[in-house]
Each structure stands twice: as C-alpha cells, then as structure tokens.
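In: My questions are about this predicted structure, shown below with the sequence.
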Amino acid sequence: MSAETAIIESSASPARNIRKTILANGMMVLTESMPHMRSVSMGAWLNSGSRDEAAEENGISHFVEHMVFKGTTTRSAQDIAREVDSIGGNLDAFTGKESVCFNIKVLDENMPAALDVLSDLVLHPSFSKADLEREQGVILEEIKMDEDNPDYLVHETFTQNFWKNHPLGRPILGTVKTVSSFDQQTVIDFHKRRFTPENLVFSAAGHLQHDEFLEIVEKKFGELRPGGVAAVDEETHPATTAHITLKKKRSLEQVQMCLGVPAPALGDPSRFALNVLNSMLGGGMSSRLFQSIREDEGLAYSIYSELSPFRDSGSLSVYAGMSLDKTERVLQLTLKELRRLKEQAVTDAELKRAKDQMKSNIVLGLESSSSRMSNLARQQMYFGRFFTVAEVVGEIDRVSAKEVQRLANELFRPELIALTLLGNLGAMKIGRGDLVC
C-alpha cells in the first residue's frame, strides 16, 4: 500500500469482530468478520438520498442508481449481468430518503471478482445519451405503475402533505416533469458531486479478513479524489402538517387509509420505547389494531402501524384497506386504540410480549451477512458507533409501561393527527372533530 493511500485511522469493536478504517482520501471502510459463513456481502453507501436533492432535480438519486447498471467505461450492461451470474452473485441497489446503496452478495471465493464489478459500477458509469433516454422511459413507467398501486399512492399522498414543501415530502422516484428534464450533463455533474470519498461508506460482512479485504478495496477506491460533499439539508426539525386529505379515485374497490402523527427522529433516546409502542399498536398479529379491527370485527384484511424515522424527524402511521361502508368504523376503532394507550398503562404481559418480539426480530435480523453489512453502514451513518446486541436488548428491557404511556400522550394528540383517505369516497366528509382520541 503506497504512502499516498495509507490507512490513517483504524479501530476495532471487541463485542463484534468489527473493524473501521478511513483511507487517505477520506473514504470509510467497515468490515465484520464472520468466519462461520461462506458468503461475503458488500455495499457502497452514499450518505445522502432524495431529501438532499434540489427541487428541480427531485428523483436524480434514484435515476443515477438505475443508470450505473447500464454500463461502465469497460463493461456493457450485458457484461455486468453475465459476470455476476457466472459467480452466482446477487447484485442489487436501492434509493431511500437519506441514503443510496449498491450491494452484492457472493461466495467468499468470488469476493475479488464481485468487488471488481461493484467498484466499476460505482466509479466508472458511462452515462451514454442513448441509455439515459431509454432509462427515462423506464422510470416514467415506474412512476405510472406506482400511481396505479393504491397502497403506494395513499402513503405517497400522506407523505407529500405531511412534510409539505419540504424535501422529505418529495417522492424518491421524482416526478414526470423532473425525470423528463434530466440530461447527460445533469447526471454526470450529480455523480461527480455526490460520489466523493467523504460521502461514501463501504461496508462488508462475512467470511473475510479486514486487512486483506482493505488492500483490495484501496486498490479500487483509492483513485477516488476528495471533492467535497454536496450540502445536506440542515433544517433541524422539518415542520409537519396535520392535514386531512380525502382523495377520490373511483376505480378503487377499497378505501385506503393512512393516519399518522409526528414521531421522534431515528437517534432520539425515546426510540426504544417508541418501537415497543408501535409493536403493541400494530406491529404484528397479536397487536391491538390487528386483533381489534381484523380478528374481532373482520373489517379489514390489511391493518398495521409503522415507523418512518429520519435523522431529524419521523412519523408513526397506521395503514388500513377496507370497503367504503366500513371506513368510519375502522377510523373510530383506530382512534379508540390510540386513546386506550394514552389512558391505560399496558399490562406486564403485553409489554413483555412486545419486547420479546422486538428482541427476536433483532437477533434473527442479524443472521445473514447482508443484514450485518447493512447494519454496519446504517449505525455508522446515523450514530458514528456500533451497538452490540446486548446493548440494544438492555435498552429494550428498560422500557417501562409508564414510559410507553407518557409517549402515547405526547404523540396521540388530535391537533397533530394527519389523515389521508384514498378511494371511491362518495360524499364522505372528515373534520378535525372526527379525530379525537
């Protein structure tokens, strides 16, 4: 390893075999050695996503995520597909509100070949005009497809109105107008601006040794020159809107409901109690909403609650799909369960069940190399440190019924509730007085 690209920082985690190194160009490399496995999962993570785009470039992160698969300066799209298939690899990518990830999973013996393909995609995309025009058509069809999906559409409508006039409210895919406006230079400039070592985290987990792996990564990514990171949205607390949106779509057989409230950010100290509360409310088959609305009343097939946490904001929302004549009853029962969490402390048995479910999900969720790879990157990007399973389990165990009730009273306030209904709504009207809980 040359002096120019020597390791300038390295640290280890004693509880998990985690190593962190920052290369001379500023790119961070994370690994977790799992000697009992035969697989290696690797991911190149951009520490920015759709919320960090300018309004006129909404959707460009997702667009570039697609475009890198269309070919590099030395490989065609067909070459990439054949090489990955020949080593039995699983190559994928995704774009979120706050990150973009390009990842691959292979057998340990095929790690060098997989890393060669992955690094080529990230660093040397060709961005040809012909490919760009074709991919614009593909993504415009993806936008239309999602607009035809009522589950997606109700969530997107809710989100756009909940974080109104804020980047968090914009669609990850972008809009027909913005995607249609992207040209070759726009895409090249975005790639140059965002794909910098300071904005990249490269994580890997599986059957590997940190020092040996680092040498290969450094040979591929050491050429990447520091260039400064595009400004991240610095608004500390994005404002939320307690909207009531009734969107008519006559072609739908069901009414889609999304009801939500502002919730703490991803790193907030109350996140463990928040997750316990969400688990009890609508996080599984034993949850209150599932038992009350589906099992006891038979009003809906799909009913659940979910958290959408971000670096400086978040939401807790309830989704349900039901027929028009059952909509008001489902809304009433949902509000009843919110009120019950505020007025009555949960029982020890229910609290234990929710905690056990969460702890099992955490442990089971870390059994694959790909989940460990993702866990490494996310913890680094959001917390700058790595939590052991024992630490997380300990925090969950410390959540009390009193804390859950306090949080419910903070969150479930009628003036904060936002509601979106989508479907053949007829003459239905919903006012703020109908959202008392």
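Out: Received the coordinates, thanks.

In: now Thr196, nearest residue through space, not along the chain?
Out: Gly227 (4.3 Å; C-beta to C-beta, 6 or more residues apart in numbering). Any C-beta I mention is one placed from the backbone N, CA and C, and that applies to glycine too.

In: per-residue confidence at the one you found?
Out: Listed pLDDT for Gly227 reads 78.

In: Next, count neighbours for it.
Out: Gly227 is flanked by 16 other residues according to other C-beta atoms under 10 Å.

In: In contact with it, which residues?
Out: By C-beta atoms under 8 Å, 6 or more residues apart in numbering, the contact set of Gly227 is Lys192, Arg193, Thr196, Pro197, Glu198.

In: With Leu123 as the reference, measure out to the second one.
Out: Between Arg193 and Leu123 the distance is 14 Å, computed by C-beta to C-beta, to the nearest Å.

In: More neighbours: which of these two?
Out: Taking other C-beta under 10 Å, Arg193 and Leu123 do not tie; Leu123 has more neighbours (18 against 14).

In: Can you tell me the closest non-neighbouring residue to the more buried one?
Out: Nearest non-adjacent residue to Leu123, counting by C-beta to C-beta, 6+ apart: Leu224, 6.5 Å away.

In: tell me the SS of the one you found?
Out: coil (DSSP: H, G, I helix; E, B strand; the rest coil).

In: Hmm, it is touching Glu198, no?
Out: No. With contact defined as C-beta atoms under 8 Å, Leu224 does not count as touching Glu198 (9.9 Å).

In: Mutual contacts of the two, please.
Out: Met27.

In: neighbour count winner among these two?
Out: Using other C-beta under 10 Å, the more surrounded residue of Leu224 and Glu198 is Leu224, with 19 against 14.

In: Can you spell out which helices and strands pack onto the helix or strand where Ser61 lies?
Out: Remark: Ser61 resides in helix 60-67, with elements defined by DSSP states H and E. The helices and strands touching helix 60-67, judged by 3 or more C-beta pairs under 8 Å, 6 or more residues apart in numbering; DSSP states H and E, are strand 90-95, strand 100-107, helix 129-147, helix 184-194.

In: Report the residue spans of this structure with pLDDT below the cut-off.
Out: For the chain, residues meeting the criterion pLDDT under 70 lie at 1-15, 228-236.

In: try 90 this time
Out: Judged by pLDDT under 90, the chain has its weakly predicted residues at 1-16, 223, 226-237, 365-367.

In: Just give me the residue closest to the centre of it.
Out: Gly96 (5.2 Å; C-alpha atoms, centre = their mean).

In: excluding its backbone neighbours, what's nearest that residue?
Out: Using C-beta to C-beta, 6+ apart, the closest residue to Gly96 is Gly49 (4.9 Å).

In: Relative to Gln344, how far out is that neighbour?
Out: 39 Å.

In: more crowded one of those two?
Out: Gly49 (22 against 11).

In: What are the neighbouring residues in contact with that one?
Out: So Gly49 contacts Ser61, Thr95, Gly96, Lys97, Glu98, Ser99, Val100, Ile172 (C-beta under 8 Å, 6+ apart).

In: right, and the secondary structure at the fourth one would be what?
Out: When you say that, I think you mean Lys97. Secondary structure, three-state DSSP: Lys97 is coil.

In: Brilliant, that's me finished.
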